[in-house]
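# next comes the sequence, and after it the predicted model I'd like to discuss.
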Amino acid sequence: MGDTNADFTNVSQQPSSPTVQQPSVAVVSPKAARYQANNNEEEETSCMQKPKNKYLVVGASIVVAIIIIVLVIVLPVVLTRKSSSNATGDSTSSTTSQPYITKCQSTMAKTFAKTNQLPSVNDARPKVKMAPAPEKIGNNVLVKGAYLVEFALDATERTQARTITRSLQLSHSIDPSAVTIRRSIQSSLFSGTSFSVDQDHPVEAIENIEGIVAVYPIYTIPRPQPVRTLGYSELYSTGSDTINSYNSTGISYIHDVYKNFGAGVRVAVIDSGVYYLHPALGGCFGQGCKVEFGYDLVGDDFSAGTSVAMPDPDPLDNCSESSHGTHVAGIIAANSTGITSLNFTSYMPFLGVAPQVTLGAYRVFSCQGGSPSDAVTEAIYRAYNDRADVINLSLGAPGPYPGTAEGVAIKRVTNAGVYVAVAASNDGQAGVQTTDDIANEAASMTVGSIDNKYTLLTNASIMIGPNSTKILYQPGTNYGAWRSIVNSTIVVNDPNGTNSDDGCNGPSIVVMGAVVLFHFQDNDQCGTAVRCNKAAVQGAIGCLIYNTSNMEGSSNIPSGSVSLSDGLNIISTVVANSSAMYMFTTWVEPITRDTAGTVSDFSSIGPNGDLLLKPQLCGIGGSVYSTISPFAAAMQGLTRMYALYSGTSMATPYIAGTLALFLASLGNPAPSTASGIASNGVCRPSFSVAMNIFQSTAQTVNNYGSTLLSNALQQGSGLVDIRRAIKATTMLSPSDLSLNDTVRTASSYTVTVYNIGTTTASYKLTHGGAALATPKDADSDQLLAVPIYSADYANVTIDPSAFQLQPGQSRQITLRFMPPTTVNASLLPFYSGFIYVTNQNSGDVVHLPYAGAIGDYSNARIIVQTALNNVRTGIVSQSGGYISTIEQETLNATIGIRILSVLAWSTRLYFAEIISVNDTSLPTQNQSLGILAYGTNGAPFYQTNVQRNAAIQTQSVTDGDICIWYGYYYACPAASTGSCSASTTSNLPQGQYRVRFSALKNFGNPSNPNDYDFYRSPPFFLVY
């Protein structure tokens, strides 16, 4: 088990204040130079030293030769003899074998090992092309004139900037002073440079840079935001499972029984930085600290679109409003036990999922605003360079298809043995196909969210009576609740409760230094604010009013309302004992969530644009308690440095922490050993193997309030169960199946069952259906915000359905799917379910999720022309409505013409062309007048990999995209838009025209006119 048997008592030996263990210069990372140093430098220097004695050299050579003879000839013979002796039954001692999944050069290693095919300067290179980049994808904004180019891996780094400026100058006369180098990204997996060009230029200028092998646009990735936030200082009478549902996911078991807390595993958090001075996060940064490595790639004042990054070695964040990265880091590795500093004590001591891991913090978001995608790309490769074992990415941007620079980085580092967890996104309330760009990478372990067991009553705090009774009070909206624990007597202004307008003229008794209680009646002439403010003037330290739920209260002292029954009980107690003491607290009431254990309503739903099943897995992300910075606490009006956030951003570090526990349970073999080669014979399971095990052993969940299993496009494989993952004896590969649509579903699918245990397993295979998700209705092109779920299941044939495997053996099974036949295929419903594999010897069950679409995805209506909310694609008239065929509109391009674009499904290609009034041709069939160019600079309405819109706007998915057209167009057909340059932009002459919107159908051929969904606008007359 390696480090997993570490004594848990060491976990609690953390600093009790944020000043303990700080390095002598707190803001400078003492390890910056350490990780930049060449690990082999000392050895190489000593090898290069001139020997002092030639006889020593000869003698050393003889010794080396003898050693080689022993290793090559003698040792194999000895080992062969020992093997023969063992085979004949001779007694011999041996060490305990490693788990099957860590064996090197095994069948499994060869099957699952992936290698990166990286570019070399000697490779034949086709011409580099960059797909046209839309100015906006959802709320993901293009950084104009900025690019990331990749060079061959063996190209010289120091010449890249010079090559870029020289090529741009020679090919398109771009002044070198107009080129600003943004970043140099160097790794054994990637060599490239990002830069910006502050001069008009065609994209061909970038594509023709000498020696490049790829070019990527740069986007501003929106700042990750929790869906719901709540801070609190204390909870009343709670148990240890209240915080983050460790019992239901096996984490408590791994902590308590295995004493596994993730020691030795390095987890990188790419986010807004980390407030590492928080004592629950170690209180310091650098070697020997919990947060040991990392980098700030942006600086405090960076703005993604307008300023130059100011990177430095210190990833501290104490200036962002939500402290997102600190919250994420705490979910993974916080330890709030033993803290005595009041502001840093949690309501009860708690641990992160893997509190003994070593954290790395890579800051890609400054104090405010988004992050450029090249910074995220650099952070991924930096984390790999810094020997991260696990990378957490609780961020992303709208995008239905893989292929971004960040996505390529994820693919390469996972192939190199690093485990990567990526948030699915928080757009589930927009319906299907809402997972983010990097989450849609096949290599990503995409994480959805399950609601926690507990949440809090957000409108109630707690006071404790003299007999320890709990009384809930609703804080006033003006001053609010008590901000610290206060013990006080209560004085009752009208014990009989008979007077109307109680307290409207001020207290009629002495209230100095006490909390006063008034009663409220519906016909009173004053509100709660008047009474409580007058009580404050007379020296009251608090104000309570019973029999009202509309509580404004005082602006100067704590105020609250209590129920009629609680008010009468207080009166009874005070009348009997005027010295009775009450404790007024900041505590709030935990309550069991009725949605506990179900998919969070905000969790994004798959599939991606190519119908690939997403997400893969779920973690606890609805109502998660973790660390925040003092700045964030102050911004949210909190007195302690903890908050309750919700989002797939919270579920993802939950999974990252369990990945760390998994690696620790295996002794954490180095990432490089995932290739199947290790000097000690113990290899890290490849990321594919790890994903297979985690998916196979997850717990399926039901739809909220239903007995239906949630569709696999919501839950993936289900909720992580790290206990079952670590103890797994069976694995399935692949661990999920994307069945495409019924037109393209294969006749059969092959899955391999592996016995990775140590005993014989007799398997029985069965099928269980999950809810069918119908994403739209027949009355609208736009998809539903909430799909319609029903009990319509596929029939699945499993061959064979029973067999036996010895340890280390595997067997292929064949699956044939027959989708439900009683549904409307034109609505493209998604069917799904699970294949269960039961080990009848042990009772253990693993499973595999599948999902597919019923109907022909290529016939889906992409461009919204009819919608229940009337938000659809069209041209808006000067009066505010859509132009129509009833009366031809005159549109003035000088003041700008609004064009609204709404897509129901994602598309690989989307463009708008100017056509003549009588043009009835299909897209690309005949040459149009040209491509519409919108905005003051004339950006081409020609976009690739376009995110769908939604019936309602969510965090990342918009309900429609508006552009302003000033009459510009590109005088070139859609088929040749890639060669259009800024010089071809011109004003469209006055006259009658139409606009044709064209979206490439799913799986369509861009050269086939019949493979487009298109919409021709009504005719209009263009004037200036």
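That came in fine, so what should we check first?

# tell me the buried residues in stretch 526-546?
Of all the residues in stretch 526-546, those buried under the rule 16 or more other Cβ atoms under 10 Å are 527-536, 540-546. Any C-beta I mention is one placed from the backbone N, CA and C, and that applies to glycine too.

# what is the end-to-end distance of that stretch?
End-to-end span of stretch 526-546 (Cα to Cα, to the nearest Å): 14 Å.

# shaky segments in the stretch 501-650 of the chain?
For the stretch 501-650 of the chain, no stretch has pLDDT under 70.

# let me see the ranges of the helices in it.
Ranges of helices in the stretch 501-650 of the chain, per DSSP state H, counting those that start in this stretch, are 528-537, 564-576, 630-635, 648-665.

# run me through the strand neighbours of the helix or strand that contains Asn392, direction for each.
Assessed by DSSP states H and E, Asn392 sits inside strand 390-393. Using DSSP bridges, the strands paired with strand 390-393 are strand 266-271 (parallel), strand 419-423 (parallel).

# make JSON lines from the ones you listed and add mean neighbour count to it.
Output for these, formatted as JSON lines (neighbours: other Cβ atoms under 10 Å):
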{"stretch": "strand 266-271", "mean neighbour count": "29"}
{"stretch": "strand 419-423", "mean neighbour count": "31"}
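
# if we can go back for a sec, so of the helices of the stretch 501-650 of the chain, which one's packed in deepest?
When those are scored by mean count of other Cβ atoms under 10 Å, the highest mean neighbour count falls to helix 648-665 (a mean of 30).

# can you show me the CA trace of it as PDB?
Only the C-alpha atoms of helix 648-665 are listed here, as PDB (Å, rounded to 0.1, in the frame of the first residue of the first chain):
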ATOM      1  CA  THR A 648     -19.400  21.000 -11.300                       C
ATOM      2  CA  SER A 649     -16.400  23.000 -10.300                       C
ATOM      3  CA  MET A 650     -16.900  21.500  -6.800                       C
ATOM      4  CA  ALA A 651     -17.600  18.000  -8.100                       C
ATOM      5  CA  THR A 652     -14.400  17.900 -10.100                       C
ATOM      6  CA  PRO A 653     -11.900  18.300  -7.200                       C
ATOM      7  CA  TYR A 654     -13.900  15.700  -5.400                       C
ATOM      8  CA  ILE A 655     -13.000  13.300  -8.200                       C
ATOM      9  CA  ALA A 656      -9.400  14.600  -8.400                       C
ATOM     10  CA  GLY A 657      -9.100  13.800  -4.700                       C
ATOM     11  CA  THR A 658     -10.300  10.300  -5.200                       C
ATOM     12  CA  LEU A 659      -7.900   9.800  -8.100                       C
ATOM     13  CA  ALA A 660      -5.100  10.800  -5.700                       C
ATOM     14  CA  LEU A 661      -6.400   8.200  -3.200                       C
ATOM     15  CA  PHE A 662      -6.400   5.600  -5.900                       C
ATOM     16  CA  LEU A 663      -2.800   6.300  -6.900                       C
ATOM     17  CA  ALA A 664      -1.700   6.400  -3.300                       C
ATOM     18  CA  SER A 665      -3.200   2.900  -2.800                       C
END
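
# just the angle between that helix and strand 266-271, please?
Comparing the axes of helix 648-665 and strand 266-271 via axes from the mean of the first three to the mean of the last three Cα atoms, to 10 degrees yields an angle of 170 degrees.

# show me this protein divided up by domain.
Domains of the chain are assigned by the TED database as 136-220, 260-453+597-666, 456-588, 729-857, 874-1022.

# Gly705 is nearest to which of the ones you listed?
Across the domains of the chain, the minimum distance to Gly705, taken as Cβ to Cβ, is reached by domain 260-453+597-666, at 8.3 Å.

# which stretch among the domains of the chain comes nearest Pro226?
Ranking the domains of the chain by distance to Pro226, with Cβ to Cβ as the measure, places domain 260-453+597-666 first at 3.7 Å.

# what about the closest one, distance to the chain center?
8 Å (Cα atoms, centre = their mean, to the nearest Å).

# gap between the two ends of it?
End-to-end span of domain 260-453+597-666 (Cα to Cα): 11 Å.

# output the domains of the chain in JSON lines, with distance to Asn244 appended to each entry.
Compiled in JSON lines, these are given as follows (distance: least, Cβ to Cβ, whole Å):
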{"stretch": "domain 136-220", "distance to Asn244": "29"}
{"stretch": "domain 260-453+597-666", "distance to Asn244": "6"}
{"stretch": "domain 456-588", "distance to Asn244": "14"}
{"stretch": "domain 729-857", "distance to Asn244": "24"}
{"stretch": "domain 874-1022", "distance to Asn244": "22"}
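
# could you identify which of those is most buried?
Among those, domain 260-453+597-666 has the highest mean neighbour count (mean count of other Cβ under 10 Å), at a mean of 26.

# next SSE after the strand holding Asn392?
Counting by DSSP H and E, what follows strand 390-393 is helix 405-415.

# now that following helix and strand 419-423, what's the angle there?
Between helix 405-415 and strand 419-423, the angle formed by their directions is 150 degrees, by the same axes, to 10 degrees.

# below-threshold pLDDT in this protein: ranges please.
For the chain, applying pLDDT under 70 flags the ranges 1-99, 105-117, 119-125, 138, 228-243, 304-307, 347-348, 456-459, 973-984.

# hmm, back to that, a markdown table please, covering the strands paired with strand 390-393 and showing distance to Asn692.
A markdown table is the format used below for the strands paired with strand 390-393 (distance: least, Cβ to Cβ, whole Å):
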| stretch | distance to Asn692 |
| --- | --- |
| strand 266-271 | 21 |
| strand 419-423 | 13 |
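
# out of those, which comes closest to Val516?
Among the strands paired with strand 390-393, strand 266-271 comes nearest to Val516, with 47.2 Å by Cβ to Cβ.

# contact partners for Phe694?
By Cβ atoms under 8 Å, 6 or more residues apart in numbering, the contact list for Phe694 reads Met445, Gln616, Leu617, Ile655, Thr658, Leu659, Phe662, Ser717, Val720, Ala725, Ser735.
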